[in-house]
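>>> Got a predicted model here, sequence first, then my questions.
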Amino acid sequence: MIEAQGLTKRYGKTLAVDNLTFSVTPGKVTGFLGPNGAGKSTSMRMMLGLDNPTAGQVRIGGKRYHDLDHPLRTVGALLDARWVHPNRSAKAHLAWMAKSNKISPRRVDEVLDIVGLSSVANKRAGGFSLGMSQRLGIAAALLGDPEVLLFDEPVNGLDPEGILWIRKFMHRLASEGRTVFVSSHLLSEMALTATELVVIGKGKLISQTTTDDFVARASENSVKVRSPQLAVLRGALEGASATITDSDDGILVSGLDSDKIGEIAMEQGAVLHELSPQRGSLEQAFMQITGDSVEYHADLETEAQQALAPTAN
Ligand SMILES: Nc1ncnc2c1ncn2[C@@H]1O[C@H](COP(=O)(O)OP(=O)(O)OP(=O)(O)O)[C@@H](O)[C@H]1O
């Protein structure tokens, strides 16, 4: 469990994090979303005691980071995967971390196995691909077998196979009952990975909700209808105050849900070939909800498009 209470960070004139209050519960993957500069990394650093809040606090498992007896056994984090001595082997890197945190050396082999790096355990970490470095970073985060895991942009730069691996791994960690908190710009990926969202903009909390609710709340609720008796149906739906727009081979109805539309069709004796509620994407929802807090719309739109495009490497 992570609890942020009035969390605030000011750097000179910049209010990077502005009175954030939210909680992250165990057994789920919670996404931490926000446009560039929204304050995600700063918030995560404060959760890990790497930066002090100007006001407010974060509790992990009920305690502040500095009050944890064994921090690595309570919270593990992947902030920067490249943070490893290039000439050290993966195993030596983890052994050094384990030793300095009084963790059994046996755990090193366990975590290497969990992340699938056993076969390259004695290779120089400096020669690892980004995907392997991410796995090594995750192995380090898991060393203390912590209940809470924080990942800052874990899939940045990964190829589709690496992204899929991370997604499945996050789900696995959550299914083990851990608290998994992950920041990402890759909205389409977040929609697949996270069931809960904490969304911030300009340091402020915009929304804490389930991913499904977030998308449903932001996307206009419309229902696609196809019918051979469209003219009759259209008149009846308009009579029931629905708003109708034409779509390629049917109509899009808003203002009525699919149950009601189905009942009206029945009353009119109209055959339905399609009655499908339309669901927006997380990208659309994000744009709509964070709209006011995004300073550079063009950048964000480009990012959202890049996020949807196939990864090159
Ligand atoms: N050490 C620092 N000194 C001064 N300003 C900082 C510092 N760290 C962050 N900031 C500012 O605080 C704000 C929030 O930055 P932060 O990196 O937390 O955002 P973010 O949501 O992680 O963004 P991104 O996704 O682009 O990394 C930005 O305006 C940033 O310029």
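Cool, the structure landed.
>>> Tell me which helix or strand the residue in the stretch 151-300 of the chain that the ligand sits nearest to sits in.
Taking CB to the nearest ligand atom, the ligand has its nearest neighbour within the stretch 151-300 of the chain at residue 185, 6.1 Å off. Backbone N, C-alpha and C define where each C-beta goes, glycine included. Using DSSP states H and E, residue 185 sits in no helix or strand.
>>> That one touches residue 153, doesn't it?
Yes. Shown here, residue 185 and residue 153 form a contact pair, counting by CB atoms under 8 Å, at 6.8 Å.
>>> Give me the distance between the residue of the stretch 151-300 of the chain closest to the ligand and residue 36.
Using CB to CB, to the nearest Å, residue 185 is found at 8 Å from residue 36.
>>> burial of residue 147, as a residue count?
By the measure other CB atoms under 10 Å, the count of residues near residue 147 is 17.
>>> residues near the closest residue in space to it that isn't next to it in sequence, how many?
Among residues not flanking residue 147 along the chain, residue 178 sits closest, at 5.6 Å (CB to CB, 6 or more residues apart in numbering). Applying other CB under 10 Å, we find 21 other residues in the vicinity of residue 178.
>>> wait, residue 178 sits on residue 145?
No. Under the criterion of CB under 8 Å, residue 178 makes no contact with residue 145, lying 9.4 Å away.
>>> what about the strands in this structure?
Taking DSSP state E as the test, the strands found in the chain are 2-11, 14-24, 28-33, 55-60, 75-78, 148-152, 179-183, 196-201, 204-210, 222-226, 243-247, 250-254, 274-278.
>>> For the residue of the stretch 151-300 of the chain closest to the ligand, what are phi and psi?
phi -90, psi -20 (degrees, to the nearest 10).
>>> Quick one: neighbours of it, just the number.
Neighbours of residue 185 using other CB under 10 Å come to 19.
>>> Residue 168 now?
Residue 168, neighbours per other CB under 10 Å, totals 11.
>>> try the one 5 residues further on
By other CB under 10 Å, 23 other residues sit near residue 173.
>>> For it, give its distance to residue 164.
Separation of residue 173 from residue 164 (CB to CB): 15 Å.
>>> likewise residue 262?
38 Å.
>>> what about residue 200, neighbour count?
Neighbours around residue 200, by other CB under 10 Å: 25.
>>> Could I get the contacting residues of it?
20, 32-34, 38-40, 43, 206 (CB atoms under 8 Å, 6 or more residues apart in numbering).
>>> Stretch 234-249: end-to-end distance?
14 Å (CA to CA, to the nearest Å).
>>> Mean pLDDT and distance to the ligand for the strands of the chain - can I get that in JSON lines?
JSON lines is the format used below for the strands of the chain (pLDDT from 0 to 100; distance: least, CB to the nearest ligand atom, whole Å):
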{"stretch": "strand 2-11", "mean pLDDT": "96", "distance to the ligand": "3"}
{"stretch": "strand 14-24", "mean pLDDT": "95", "distance to the ligand": "3"}
{"stretch": "strand 28-33", "mean pLDDT": "95", "distance to the ligand": "9"}
{"stretch": "strand 55-60", "mean pLDDT": "95", "distance to the ligand": "14"}
{"stretch": "strand 75-78", "mean pLDDT": "92", "distance to the ligand": "14"}
{"stretch": "strand 148-152", "mean pLDDT": "94", "distance to the ligand": "7"}
{"stretch": "strand 179-183", "mean pLDDT": "96", "distance to the ligand": "7"}
{"stretch": "strand 196-201", "mean pLDDT": "92", "distance to the ligand": "7"}
{"stretch": "strand 204-210", "mean pLDDT": "91", "distance to the ligand": "12"}
{"stretch": "strand 222-226", "mean pLDDT": "91", "distance to the ligand": "32"}
{"stretch": "strand 243-247", "mean pLDDT": "88", "distance to the ligand": "36"}
{"stretch": "strand 250-254", "mean pLDDT": "90", "distance to the ligand": "34"}
{"stretch": "strand 274-278", "mean pLDDT": "90", "distance to the ligand": "30"}
